[in-house]
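Asks: sequence and predicted model, in that order:
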Amino acid sequence: MNKEIKLLVLLTLLVGISIPQITSAQGWGGKRSKPGLWDDWSVNLNAGLTSFFGDLSKFDSEIMEKLSKESGPAFSGIITKHINNKFGISGQLLYGNLQGENNLQVAFEASVIEYNISGSVDFINLFSPDNLSKFGIIAYGGVGQFIFQSQKIDYREESPSVVQQKTGTPEFVYFFGLGANYDIGDRFAVTLDFAMRQAQNDKLDDYKTKDDSFDYYFILKHGRYL
C-alpha cells in the first residue's frame, strides 16, 4: 500500500470522527431523532475483514480457513440519511485488504478502496410499525466504484516471480448485504453486518482461467453508530 492510499484512509477516519459533532444520533432503524438541520442523519464507523472469492481462492467452503488465510483487515465510514424509520440512503467509503492462493502455488495480495451508494430497509420496523425494540434487522444493496492495486506471486519457478497491477480507472462493483443493530443509549448503537460484492472484472487477483468469471469479495464488519 503506497503513501497516497494510507493518507486517504487516515483522512477518511478523521472526517468520520469529526462529523458526529454536528450530526444527530440515529441508527438504521431511525428510532432516535434530534430537531434541527441535521435531523435523521447518522454516521457509522466500523472495522472488520475482507475475504476474496475468485480464481486464486481455495477455502471458499471452509469458513475458519477463509477468515484466517484469505482475508485481510477492512475499515469504512458510512453516512446515512434516514427517510423514515423503515428506509435509508447511505454513502460509504471503504478500504480493505485481500489475499488468496490456489493449489498450483500461485498467490496474490491486494488493497481496495471503494466508494458507493446504497439503499436500506429495516425489516422489523417495516412489518411492525409500532415496534419499540432496540434491535433492528437491516437489508441493503447498492452500486459503487473501486480502485485497487494487487501483487501476484508465482512460486512454481525456482525463483518466485512477482507481477504488480493496479487500476487505470475506477471499476464498477455491485453488492447486497444483511445486518443487525442494537441501540445502547440515546446516541449510540452497535452493528454487525456482512455483504457480498461482485467486481465487474476478473482482474483483482491478476489470474485468469477459461471461464473468465467475475471476482467477488465479501465484507464482514462490526461498527458503531454515532
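Replies: Ah, there it is.
Asks: output the below-cut-off pLDDT ranges for this structure.
Replies: Applying pLDDT under 70 to the chain flags the ranges 1-38, 209-212, 224-226.
Asks: where is the longest strand in it?
Replies: strand 135-154 (DSSP state E).
Asks: mind listing the strands for this structure?
Replies: Going by DSSP E, the chain shows strands at 41-53, 71-82, 87-101, 106-122, 135-154, 161-166, 171-183, 189-199, 216-225.
Asks: the longest one packs against which elements?
Replies: So the one you mean is strand 135-154. strand 87-101, strand 106-122, helix 123-127, strand 161-166, strand 171-183, strand 189-199 (3 or more Cβ pairs under 8 Å, 6 or more residues apart in numbering; DSSP states H and E). (Glycine included, C-beta is placed from N, CA and C.)
Asks: give the buried residues for it.
Replies: 136-138, 140, 142, 144, 146-152, 154 (16 or more other Cβ atoms under 10 Å).
Asks: which single one of these is nearest to Gly77?
Replies: Gly144 (13.7 Å; Cβ to Cβ).
Asks: tell me which residues touch Lys69, please.
Replies: Going by Cβ atoms under 8 Å, 6 or more residues apart in numbering, Lys69 touches 59, 99, 101.
Asks: if any of the residues you listed are buried, give me the ChimeraX selection for them.
Replies: In ChimeraX syntax, the buried subset of the contacts of Lys69 is picked out as below (16+ other Cβ under 10 Å):
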select :59,99,101
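Asks: can you tell me which of the contacts of Lys69 is closest to Gly119?
Replies: Gln99 (30.8 Å).
Asks: one step back: turn the helices and strands packed on strand 135-154 into TSV, columns for distance to Ile63.
Replies: Shown next, in TSV, are these (distance: least, Cβ to Cβ, whole Å):
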stretch	distance to Ile63
strand 87-101	15
strand 106-122	20
helix 123-127	25
strand 161-166	29
strand 171-183	16
strand 189-199	12
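Asks: looking at these, which is closest to His222?
Replies: strand 189-199 (5.3 Å).
Asks: same for the closest one, what does it pack against?
Replies: strand 135-154, strand 171-183, strand 216-225.
Asks: now the ones you listed in a markdown table, with distance to Leu94?
Replies: Converted to a markdown table, these look like this (distance: least, Cβ to Cβ, whole Å):
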| stretch | distance to Leu94 |
| --- | --- |
| strand 135-154 | 8 |
| strand 171-183 | 10 |
| strand 216-225 | 7 |
